[in-house]
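Peer 1: my questions are about this predicted structure, shown below with the sequence.
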Amino acid sequence: MENTAVEEKKLDQVESNSESEEKGKVFTQEEVDEIIEKRLAREKKNADKKVKDAVEEAKRYAKMTKDQKTEYENEKLQKELDELRKEKALNEMKNTASAAFKDSGIVATDELLNLMVTSEAESTKANVVSFTVILNEMVQAKVKEALRQDAPKNFKSTGITKQEIFEIKDDSELQNAIAQNIHLFN
């Protein structure tokens, strides 16, 4: 069994290496036949194992008494019931988490809910609260950054006073000096 697993890994490596190294590699008919035969043998082993497992299950079931069959069926139904209850509880937790996100003003996607929801109500609630706090802090930081105003980009301090600007005789130079030193006139 271990040898076949090792052989399968080697075959997969050879197949992937040959594909990645040379896209244009040409195989002979014998090489293709060999690869196909190995692949078919591997798939046949997997299928045979599944059939063998099913036959063993049927034999076990046939050997059981009526009470054992009933008990076996009850166990299978109980497992299925437990799985369905677990799934239902998880869906209820998702609905609760979604409502908590909605109350916080967050639209929760399925991906977000899958990340936040656990099988325990306390940890799910803690996840939702933590995520909401982190998200709100990040949003506030971005809003502050967006609202922050820098000094005007074309502000040039020429060391000139308001009086000196008014003493300029040329109109275009006067307007230019006022524009460059607008802070003096506010």
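Peer 2: Yep, it's here.
Peer 1: so Ala146, which of the three states?
Peer 2: Per DSSP: H, G, I helix; E, B strand; the rest coil, the local secondary structure of Ala146 is helix.
Peer 1: what about it, neighbour count?
Peer 2: Ala146 has 7 neighbours, counted by other Cβ atoms under 10 Å. (C-beta placed from N, C-alpha, C; glycine too.)
Peer 1: read off the pLDDT value for it.
Peer 2: Turning to Ala146, the model gives it a pLDDT of 84.
Peer 1: let's have the chain start at 13 instead
Peer 2: Got it, first residue is 13 now, which makes that one Ala158.
Peer 1: roughly how far apart are the residue nearest to the spatial centre of the chain and Lys106?
Peer 2: Taking Cα atoms, centre = their mean, the centroid of the chain lies closest to Glu123, which sits 7.1 Å from it. Separation of Glu123 from Lys106 (Cβ to Cβ, to the nearest Å): 12 Å.
Peer 1: and if you look at Lys37?
Peer 2: From Lys37 to Lys106 the distance is 49 Å (Cβ to Cβ).
Peer 1: if we can go back for a sec, and the helix or strand the residue nearest to the centre of the chain falls within, average pLDDT?
Peer 2: Element membership for Glu123 (DSSP states H and E) is helix 122-128. Here helix 122-128 scores 89 as its mean pLDDT.
Peer 1: who touches that helix?
Peer 2: Lys106, Ala109, Ser110, Phe113, Ala120, Thr136, Asn139, Val140, Phe143 (Cβ atoms under 8 Å, 6 or more residues apart in numbering).
Peer 1: could you check how many residues crowd around Met105?
Peer 2: Neighbours around Met105, by other Cβ under 10 Å: 20.
Peer 1: ok, the closest residue to it other than its chain neighbours - contacts?
Peer 2: Nearest non-adjacent residue to Met105, counting by Cβ to Cβ, 6 or more residues apart in numbering: Val129, 4.9 Å away. Going by Cβ under 8 Å, 6+ apart, Val129 touches Leu102, Met105, Lys106, Ala109, Thr136, Asn139.
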